[in-house]
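# A structural model of the following input is requested.
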Amino acid sequence: MIIRLLRRLFLLLFLLGIGAAIYGYKLYQQSLNAPLQASGTAILHVAKGSNINRIAHDLQAHGLQHPWALILHARLNGGAAQIKAGDYRIEPNMSTLDLLNNLQTGKVIVLQFQIIEGKRSADLLRQIAATTELKHELSGKSEAEIAAILGINGSLEGQFLPDTYHFHYGDSDIDLLKHMHQALQNTLTQAWETRAAKGTLNSPYEALILASIIEKETGIAGERAQISGVFHRRLQQNMRLQTDPTVIYGIGEQYQGNLTRRDLQTDTPYNTYTRYGLPPTPIALASAASIKAALNPQTGDSLYFVANGTGGHTFSATYQEHQKAVQTYRRSQKESP
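Numbering: from 1, shown residues only. Here you go, the predicted structure:
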């Protein structure tokens, strides 16, 4: 009798164990394949040294109901040791297994940061300060202090190459700026070593200054080398450059959008109407195309140019021709609605 009862009890426990195992396996599979986020997108930050227990705990805030299932799966399949630090995007309806695969392959979020040519370094610093995904280590520091941190001797102006850059959540503003500055240095060095024009400009930095002026003078790619040619010839003939963008830069924050005769006559280190040669620093962030144009000017005899009213410029070899072009431009401006 006792043996029969024990047999029945054992059979009952066996069946209960099988039932529990089946239920546990279904729960295990459901947990791994169920979506974490029903809607919206979330970010999971995995710090260096994080283990699967910590990650499973953090994922509870994103809909993971049974952390043990993720921990068990990761340990059984060796995935716990393959997880890479970084920031990961949890997409709507992404399963726990999908996310674990991303964690193991290091599919971290890559962000973009774009610098527009013609902007000033101060504009770039404001843009970086407003980028919340970066770690801000330069807050409250002056441009001179930032230049020292980046190893830049002198002004920050023009020291970063306009382009689209990629970075990750938590990267520092210092590292991003160093990358941008190194890109500028690489582009400038290569352009200097392969330059066609020799003798007019004495250093890569002078080439960068001229490139920044070209950048501000035209937005038409085909005009860059032509404008460069004008400036090279004026420098060679000891003529003032007489370029408005440098005057505007010298005026600074006081510039109201209209360049006056008084502005052109007021001497500053950047007034190329009152001073000979190049200004002391770049006046903007110059593109690779403008840097190339500065060192490869188009040959010709033009010494002047003025806007033509259609986005481009009219180039002239003599002052008399230039005056006619200026009058034509002024008439077109009066006639335009």
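# mind listing the strands for this protein?
42-46, 86-90, 111-114, 164-167, 304-307, 313-316 (DSSP state E).
# which strands and helices sit next to the third one?
It stands for strand 111-114. On a contact count with 3 or more Cβ pairs under 8 Å, 6 or more residues apart in numbering; DSSP states H and E, strand 111-114 meets strand 164-167. (Each C-beta comes from the backbone N, C-alpha and C, glycine too.)
# ok, now the last one?
With contacts defined as 3+ Cβ pairs under 8 Å, 6+ apart, strand 313-316 has these neighbours: helix 224-236, strand 304-307, helix 319-335.
# ok, back up a step: wait, which of the strands of the chain is closest to residue 209?
strand 304-307 (18.6 Å; Cβ to Cβ).
# that older thread, hey, which of the helices and strands packed on strand 313-316 is tucked in deepest?
Most buried of the helices and strands packed on strand 313-316 by mean neighbour count (mean count of other Cβ atoms under 10 Å) is helix 224-236; its value is a mean of 22.
# pull the CA atoms of it into PDB?
Provided in PDB are the C-alpha atoms of helix 224-236 (Å, rounded to 0.1, in the frame of the first residue of the first chain):
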ATOM      1  CA  ARG A 224      36.600  79.300 -57.000                       C
ATOM      2  CA  ALA A 225      39.800  78.900 -59.000                       C
ATOM      3  CA  GLN A 226      38.900  82.100 -61.000                       C
ATOM      4  CA  ILE A 227      38.500  84.200 -57.800                       C
ATOM      5  CA  SER A 228      41.700  82.600 -56.500                       C
ATOM      6  CA  GLY A 229      43.500  83.800 -59.700                       C
ATOM      7  CA  VAL A 230      42.300  87.300 -59.100                       C
ATOM      8  CA  PHE A 231      43.600  87.400 -55.500                       C
ATOM      9  CA  HIS A 232      47.000  85.700 -56.500                       C
ATOM     10  CA  ARG A 233      47.600  88.400 -59.200                       C
ATOM     11  CA  ARG A 234      46.600  91.200 -56.800                       C
ATOM     12  CA  LEU A 235      49.100  89.900 -54.200                       C
ATOM     13  CA  GLN A 236      51.800  89.500 -56.800                       C
END
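# how far does that helix sit from its chain's centre?
Offset of helix 224-236 from its chain centre (Cα atoms, centre = their mean, to the nearest Å): 30 Å.
# same check on stretch 164-173?
Per Cα atoms, centre = their mean, the centroid offset for stretch 164-173 relative to its chain is 8 Å.
# including distance to residue 153, could the strands of the chain go into JSON lines?
Shown next, in JSON lines, are the strands of the chain (distance: least, Cβ to Cβ, whole Å):
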{"stretch": "strand 42-46", "distance to residue 153": "37"}
{"stretch": "strand 86-90", "distance to residue 153": "35"}
{"stretch": "strand 111-114", "distance to residue 153": "25"}
{"stretch": "strand 164-167", "distance to residue 153": "23"}
{"stretch": "strand 304-307", "distance to residue 153": "33"}
{"stretch": "strand 313-316", "distance to residue 153": "35"}
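# returning to what we had before: Serialize the helices and strands packed on strand 313-316 to JSON lines and add fields for distance to residue 132 and mean pLDDT.
Formatted as JSON lines, these follow (distance: least, Cβ to Cβ, whole Å; pLDDT from 0 to 100):
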{"stretch": "helix 224-236", "distance to residue 132": "35", "mean pLDDT": "97"}
{"stretch": "strand 304-307", "distance to residue 132": "40", "mean pLDDT": "93"}
{"stretch": "helix 319-335", "distance to residue 132": "43", "mean pLDDT": "86"}
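# closest to residue 271 out of these?
Using Cβ to Cβ, the nearest of the helices and strands packed on strand 313-316 to residue 271 is helix 224-236, at 15.1 Å.
# can you pull the pLDDT of residue 23?
With respect to pLDDT, residue 23 has a value of 48.
# go on, residue 14?
54.
# for the strands of the chain, which one sits closest to residue 143?
Proximity to residue 143 (Cβ to Cβ) singles out strand 111-114 among those, at 19.0 Å.
# who's in contact with that closest one?
127-128, 131, 133, 163-169, 176 (Cβ atoms under 8 Å, 6 or more residues apart in numbering).
# and that strand, which strands flank it?
Strand pairing for strand 111-114, using DSSP bridges, gives strand 164-167 (antiparallel).
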